[in-house]
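In: Sequence first, then the predicted structure, then my questions.
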Amino acid sequence: MSTRIAFLKGHGTENDFVIVPDPENTIDLPPAAVAALCDRRAGIGGDGLLHVVRSAAHPEARAMAGEAEWFMDYRNGDGSVAEMCGNGVRVFARYLQHAGHVTEGDIAVATRGGVKTAHIAKDGDVTVGMGRAILPEAQATVSVDGRTWPARNVNMGNPHAVAFVEDLDHAGHLFTPPPFSPAAVYPDGVNVEFVVDRGLRHVAVRVHERGSGETRSCGTGACAVAVAAARRDGVDPAVTGTPVTYTVDVPGGRLVITERPDGGIEMTGPAVIVAEGEIDPGWLDSATL
């Protein structure tokens, strides 16, 4: 690469991201480059990368350009492509505000999981319309250190296995993906959430994110957990006609998840830009050899 590349660093409940603004989609970001940038020792460091592109300039997003000007081309920390990242959408929205592309209020963001609506509040929190949860019939179990739990299968545009446990330490180290069975339930891998109760409609979570390992927070995971907890508790807003809200504590902070009677799920939490600078092209070239 012959020119320097601008970047920013941001996080949402400590789920952190390298942000690469590239409105016209001119920057090549192969998996090796993404992994190098997200490396916490030799790179900038992040759970993932937010490639900021105008929808009309990206082949995967052109069909959504009429609904959303901006496309969140999200990559996991290992360089693999992901459908969606809830915390990422909040940080993406904050970046657009930081860069002067949008102001407070509602904005639409195109993702591989569809168009998501974000609301930037005056108090700094960002609320994201995460769409509806799909609850596939096929179920699985997850295992750690000889223990096995049933896992609720929830899809939030990406797959989740939600296991309710007695102690979050039962999740183990989460450096590697917890084994699940049967493999056919999640042919492309899965995000695994381990959940304990903290109080009425209040839970705490640890999560292994597919392609990233254990992260400090996972937005789609928090939504999946809230839906799984509501169904476990016998609550379905589509049946009661009343929204249900769960507080979800993650290692990096707190998210508030509301499921509406129409099935729509909203996630509210902080989003912070912490730094910006330039990537040295020589370093990136050498890091990806």
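Out: Structure received.
In: can we go C-alpha only for contacts and neighbour counts from here?
Out: Will do.
In: Quick check, pLDDT for Ile19.
Out: Listed pLDDT for Ile19 reads 98.
In: so it bridges to which residues?
Out: Applying DSSP bridges to Ile19 gives these bridge partners: Leu8, Leu50.
In: Could you pull out the helices in the stretch 51-200 of the chain for me?
Out: 86-98 (DSSP state H, counting those that start in this stretch).
In: where do the strands sit along it?
Out: 70-76, 105-111, 114-120, 126-132, 140-144, 147-155, 159-164, 180-181, 191-199 (DSSP state E, counting those that start in this stretch).
In: So which of the ones you listed is nearest Thr258?
Out: Between Thr258 and the strands of the stretch 51-200 of the chain, the tightest spacing by C-alpha to C-alpha is seen for strand 126-132, at 9.7 Å.
In: avg pLDDT for that closest one?
Out: On average, strand 126-132 scores 94.
In: Flag every buried residue along that strand.
Out: 126-132 (16 or more other C-alpha atoms under 10 Å).
In: Kindly report the same for stretch 22-41.
Out: Buried residues in stretch 22-41 (16+ other C-alpha under 10 Å): 22-23, 25, 29, 31-39.
In: So if we follow the domain assignment, how does the chain break up?
Out: 5-125+271-287, 140-269 (automatic domain parsing).
In: What sits closest to Val192 if chain neighbours are left out?
Out: Nearest residue to Val192, sequence neighbours excluded (C-alpha to C-alpha, 6 or more residues apart in numbering): Ala161, at 4.8 Å.
In: Is the one you found in contact with Tyr186, as I believe?
Out: No: the pair Ala161 / Tyr186 is not scored as a contact, 9.1 Å apart, by C-alpha atoms under 8 Å.
In: Just put the strands of the stretch 51-200 of the chain in TSV and tack on distance to Leu255.
Out: Listed next are these as TSV, based on distance: least, C-alpha to C-alpha, whole Å:
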stretch	distance to Leu255
strand 70-76	21
strand 105-111	19
strand 114-120	15
strand 126-132	10
strand 140-144	24
strand 147-155	18
strand 159-164	17
strand 180-181	26
strand 191-199	14
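In: so of the buried residues of stretch 22-41, which ones are in helices?
Out: Among those, DSSP state H puts 31-38 in helices.
In: closest to Gly211 among those residues?
Out: Nearest to Gly211 among these: Ala35, at 10.4 Å, using C-alpha to C-alpha.
In: Show me the residue at the heart of the protein, geometrically.
Out: Residue closest to the average C-alpha location in the chain (C-alpha atoms, centre = their mean): Cys85, at 2.4 Å.
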